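# Here is my input, please return the structure:
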Amino acid sequence: KSRRTPEPERLRNSVDRHFPVVSVLGEPTCAICLSAVLSTERARELPCCSNCFHDECIMDWWLQKPLRSWIRQCPMCRHCYDLKA
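Numbering: from 1, shown residues only. So this is what the prediction gives:
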């Protein structure tokens, strides 16, 4: 495999470095599944648009995309992140 192609575990580790799990206040809506994100659940917030996502939702979203590159987009505003950096 090319070193430029991320493997699922390496991609997960990169997401952990770039977008750590956060504690949420209130019950924001996950922008992917449209369910409330409870304070007891793992959540991530992307700095581009401050949308909140369940950890599992954003990981599934990014992992369902072909693993041809490290570039991933915000599902809401389409801001691109290079997760290899």
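# Now for W62: which residues touch it?
Contact analysis of W62 by C-beta atoms under 8 Å, 6 or more residues apart in numbering lists 11, 15, 72. (C-beta placed from N, C-alpha, C; glycine too.)
# which of these lies closest to C49?
Nearest to C49 among the contacts of W62 is R72, at 14.1 Å by C-beta to C-beta.
# which parts of the helix or strand where the closest one lies are buried?
Secondary-structure assignment from DSSP states H and E places R72 in strand 71-73. Neighbour-count burial for strand 71-73 flags R72 (criterion: 16 or more other C-beta atoms under 10 Å).
# all helices for the chain, in order.
Along the chain, the segments classed as helices by DSSP state H run 8-18, 55-64.
# Lowest-confidence entry in the contacts of W62?
Across these, the bottom pLDDT score, 83, is held by L11.
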